[in-house]
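Enquirer: Below is the sequence, then the predicted model.
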Amino acid sequence: MELVRVASDELRDWCARKLTGAGVPEDHAKITADVLVHANLRGVDSHGVLRMEHYVNKIAAGGINPVPQIGVSRTGPVTAIVDGDDGLGHVTACRAMETALDLAEKHGVGVVGAVNSSHCGALSYFAEMATARNMIGVVMSNTDKAAVPYGGREPFFGTNPMAFGFPARKHPPVILDMATTTVAFGKILDHKLKGRPIPPDWGVDREGESVTDPDKVYAMRHFGGAKGYGLALAVDVLSSVLFGAAFGPMWRRCMRKI
């Protein structure tokens with residue numbers, strides 16, 4: 001497969017045009033395009049423009065609302081919930097982080113949950129929104145079931161990523177963005193696209209056996225055995241149960257049907 005270099009601004013424009021062509025408002029399309037290209041520029045192609053086909057197809061199938069009415073409900077002095085109305089997760093996550101930062105600027109801390117959202121791309125983007133305003137950002141999200149529990153064979157929790165951003169005065173911010181699985185599922189998709197085998201600790205088949213063929217992956221593994229599984233549980237509680245959203249294997253059942 002031949003790889004072609006494209007300027008980042010050109011790539012953002014292309015993504016935005018694709019999304020507006022699918023019925024997404026221009027401002028939402030630009031936010032989503034910026035999040036995707038951000039991932040590519042960080043070298044995390046699994047969360048970059050690779051995802052465009054999935055988003056456009058899901059919009060066409062009715063799984064993502066292209067024109068959501070995003071709402072913000074204050075639930076306390078420093079807390080709020082953002083309802084994404086089944087729109088693009090990148091836009092919902094931006095609104096949630098902006099709300100949290102505004103609360104933190106006024107009260108010292110802001111805690112905001114997002115519900116009725118969808119895949120939001122690389123969490124590092126939203127952590128950097130905090131460091132850009134000289135604040136610490138903590139971002140996490142539960143996802144559709146994709147990984148087998150420690151000692152199990154059927155998937156229960158998702159990749160359940162988390163990210164942290166710390167401003168560092170005159171230096172670049174310290175950013176940690178990671179899944180609680182050995183890798184994010186997008187990295188398996190990236191290897192599949194490029195025709196490369198995957199390491200044996202990334203995924204398992206239906207019998208729970210390790211595989212190196214990305215086409216044979218039935219579920220993923222959490223990193224560190226029980227430790228990664230425990231962190232995935234914590235992410236699920238903090239990003240879904242706490243805000244009354246779907247959790248664990250219920251996540252798929254509560255999604256807009258496609």
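Expert: Arrived safely. Everything numeric in this text was worked out from a predicted model, so none of it was measured.
Enquirer: And the closest residue to P25 other than its chain neighbours, what's its pLDDT?
Expert: Nearest non-adjacent residue to P25, counting by Cβ to Cβ, 6 or more residues apart in numbering: V67, 6.2 Å away. All C-beta spots, glycine's among them, are computed from the backbone N, C-alpha and C. pLDDT, the model's per-residue confidence, is 98 for V67.
Enquirer: I'd say V67 and G23 touch.
Expert: Yes. Between V67 and G23 a contact is recorded at 6.7 Å, counting by Cβ atoms under 8 Å.
Enquirer: picking up where we left off before, residues in contact with the residue nearest to P25?
Expert: Going by Cβ atoms under 8 Å, 6 or more residues apart in numbering, V67 touches 23-25, 87.
Enquirer: Can I get those in a markdown table including pLDDT, neighbour count and distance to R12?
Expert: Below are the contacts of V67 laid out as a markdown table (pLDDT from 0 to 100; neighbours: other Cβ atoms under 10 Å; distance: Cβ to Cβ, whole Å):
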| residue | pLDDT | neighbour count | distance to R12 |
| --- | --- | --- | --- |
| G23 | 97 | 14 | 19 |
| V24 | 98 | 27 | 14 |
| P25 | 98 | 16 | 16 |
| G87 | 97 | 25 | 19 |
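Enquirer: So which of those residues is the closest to P77?
Expert: Ranked by distance to P77 (Cβ to Cβ), these are led by G87 at 27.2 Å.
Enquirer: Show the subsequent helix or strand relative to the lengthiest helix in the chain.
Expert: Across the chain, the longest stretch assigned as helix under DSSP state H is helix 89-107. Toward the C-terminus, helix 89-107 is succeeded by strand 111-115 as the next helix or strand (DSSP states H and E).
Enquirer: and that next one with helix 89-107, angle?
Expert: 160 degrees (axes from the mean of the first three to the mean of the last three Cα atoms, to 10 degrees).
Enquirer: What strands flank strand 111-115, and is each parallel or antiparallel?
Expert: According to DSSP bridges, strand 111-115 forms sheet pairs with strand 79-83 (parallel).
Enquirer: what residue ranges in this protein are flagged as low confidence?
Expert: 1-2, 250-258 (pLDDT under 70).
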